[in-house]
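Asks: missing the sequence, but the structure's below:
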């Protein structure tokens, strides 16, 4: 647990942030998305005093049981106003969360992501343990309320404006994509290349490999067009099928799922997934990049398509949009600048947190 320096305890909301330190809990992959965006945004804000409980790192050192005991002890010692959870799988025991919610005097909150496809087999079974929860899925608000979770906040991904910045560099690449190489993404990009479009890709599964965080942000500025896909790909190969039966925790330990959990996972694997807004939808404009993205549920609530970002519907439309915007530099630049200003004005995580904690009642002085 890493305490933050504090010079004004009386006016700050004290948070205990409980989340992954490393990407998927693996130190060799570097810091996690949540660490770069959620945690780093919180510690840079003047509104909060933040202590960090990196459950993946602690669990690797002392095991799951002792990590859960230490979490309860940490809450008892620090007495935070709010315990801010970002769960991964079942590293934090349900009874641990319940104890903190019912007995610590701290408000418990969890940030749920991926409810577009993870609600039925994960989120709805953990949400009732918390005082407050948030979701980025517009349809899940009603679903949470139907299972008795009344304190649910509709929020959205955003970007950490302290780390994602516009770089004044030459735009040396026509089209780039940074993300995992799901099979449908490979198929789509291969079709584009057959049409003469030059697209460079980075991320897990691509020949160029992964970019570190700093180089990724710079690449958004080095590219004339940054692509984003909003589907959650379902691939029937050994890895997702294995996940039906086996749960990998953040310390790389493997555990068999219960028969009921296996059934839930099968339903998710075989079900249809909706397109969802991703972090990239905000990171790219927030870094001063031009975004060409697949449409997703309620995306137009956050950006104006054709004015602040560009949107495509299918592969043919994507091909046409790439050719169009590569040939219209002035229009592309106007959209890029408008998207950058909109992201800075409305979509930083700092603004997301002010909204969340105001609704919870922890920022009454704002």
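Replies: Structure received. Treat the numbers as computed from the prediction; the structure is a model and nothing was measured.
Asks: now do the helix or strand hosting residue 244, average pLDDT.
Replies: Per DSSP states H and E, residue 244 falls inside helix 238-245. Helix 238-245 comes out with an average pLDDT of 73.
Asks: ditto for stretch 298-308
Replies: Averaging pLDDT along stretch 298-308 gives 97.
Asks: residues in contact with that stretch?
Replies: For stretch 298-308, the surrounding residues in contact (CB atoms under 8 Å, 6 or more residues apart in numbering) are 138, 156, 230, 277, 281-282, 285, 293, 295, 309, 311, 335, 338-339, 342, 346-347. Using the backbone N, CA and C atoms, a C-beta is placed for each residue, glycine as well.
Asks: how far does it stretch from start to finish?
Replies: Length of stretch 298-308, first residue to last, CA to CA, to the nearest Å: 15 Å.
Asks: can you check stretch 200-217 too?
Replies: Distance between the two ends of stretch 200-217: 15 Å, counting by CA to CA.
Asks: flag every buried residue along that stretch.
Replies: 200, 201, 202, 203, 206, 210, 216, 217 (16 or more other CB atoms under 10 Å).
Asks: now the third one: phi and psi?
Replies: Comment: the main-chain dihedrals of residue 202 come out as phi -130, psi 150, following degrees, to the nearest 10.
Asks: would you mind measuring from it to residue 281?
Replies: Using CB to CB, to the nearest Å, we find residue 202 at a distance of 18 Å from residue 281.
Asks: picking up where we left off before, inside strands: which ones of the buried residues of stretch 200-217?
Replies: Per DSSP state E, strands hold the following members of those: 200, 201, 202.
Asks: for the first one, give me its contacts.
Replies: Shown here is residue 200, whose contacts under the criterion CB under 8 Å, 6+ apart are 173, 175, 176, 177, 208.
Asks: tally of neighbours for residue 88?
Replies: 18 (other CB atoms under 10 Å).
Asks: so what's it scoring on pLDDT?
Replies: Looking at residue 88, its pLDDT is 96.
Asks: now a PyMOL select for only the buried ones of the contacts of stretch 298-308.
Replies: Here is the PyMOL command that picks out the buried ones among the contacts of stretch 298-308, judged by 16+ other CB under 10 Å:
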select buried, resi 138+156+230+277+281+282+285+293+295+309+311+335+338+339+342+347
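Asks: among the contacts of stretch 298-308, which lie within strands?
Replies: 293, 311.
Asks: helices - which of the contacts of stretch 298-308 land there?
Replies: 281, 282, 285, 335, 338, 339, 342, 346 (DSSP state H).
Asks: wait, doesn't the third one sit right on residue 345?
Replies: In this case it means residue 285. No. If you go by CB atoms under 8 Å, residue 285 and residue 345 don't touch, sitting 10.9 Å apart.
Asks: related to what we said a few turns ago, just the buried ones out of the contacts of residue 200, please.
Replies: 175, 176, 177.
Asks: CSV please, covering those residues and showing distance to residue 358.
Replies: Formatted as CSV, the buried ones among the contacts of residue 200 follow (distance: CB to CB, whole Å):
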residue, distance to residue 358
175, 40
176, 37
177, 36
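Asks: low-confidence regions, the stretch 151-300 of the chain specifically.
Replies: Applying pLDDT under 70 to the stretch 151-300 of the chain flags residues 183, 232-240, 269-271.
Asks: list the buried residues of stretch 38-56.
Replies: Across stretch 38-56, burial judged by 16+ other CB under 10 Å covers 38-43, 45, 47-56.
Asks: before we move on, back to that, save the buried ones among the contacts of residue 200 as CSV, and put in secondary structure and distance to residue 224 too.
Replies: Formatted as CSV, these follow (DSSP: H, G, I helix; E, B strand; the rest coil; distance: CB to CB, whole Å):
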residue, secondary structure, distance to residue 224
175, strand, 7
176, strand, 9
177, strand, 13
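Asks: out of these, who's nearest residue 265?
Replies: residue 177 (28.5 Å; CB to CB).
Asks: for the closest one, list each beta-bridge partner.
Replies: Residue 177 has these beta-bridge partners by DSSP bridges: residue 201, residue 227.
Asks: kindly report the same for residue 132.
Replies: Listed by DSSP bridges, the beta-bridge partners for residue 132 are residue 109.
Asks: am I right that it is in contact with residue 155?
Replies: No. Residue 132 is beyond contact range of residue 155, at 11.1 Å (criterion: CB under 8 Å).
Asks: neighbour-wise, which of those two wins?
Replies: Of the pair residue 132 and residue 155, residue 132 is the one with more neighbours under other CB under 10 Å, namely 22 against 18.
Asks: that one and residue 184, how far apart?
Replies: Residue 132 is 36 Å from residue 184, by CB to CB.
Asks: not counting sequence-adjacent ones, nearest residue to the spatially most central residue of the chain?
Replies: The structure's the chain has its C-alpha centroid closest to residue 279; by CA atoms, centre = their mean the separation is 5.5 Å. Leaving out its chain neighbours, the residue that sits closest to residue 279 by CB to CB, 6 or more residues apart in numbering is residue 157, at 4.5 Å.
Asks: same question, residue 225
Replies: The shortest distance from residue 225 to any non-neighbouring residue, by CB to CB, 6+ apart, is to residue 175 (4.6 Å).
Asks: quick one: contacts for the one you found?
Replies: The contact partners of residue 175, taken as CB under 8 Å, 6+ apart, are 192, 197, 198, 199, 200, 223, 224, 225, 227, 322, 326.
Asks: picking up where we left off before, count the residues that sit near the residue nearest to residue 279.
Replies: Neighbours around residue 157, by other CB under 10 Å: 22.
Asks: if I look at it, how far off is residue 135?
Replies: 11 Å.
Asks: how about residue 55?
Replies: 21 Å.
Asks: ok, residue 43 next?
Replies: For residue 43, the distance to residue 135 equals 24 Å [CB to CB].
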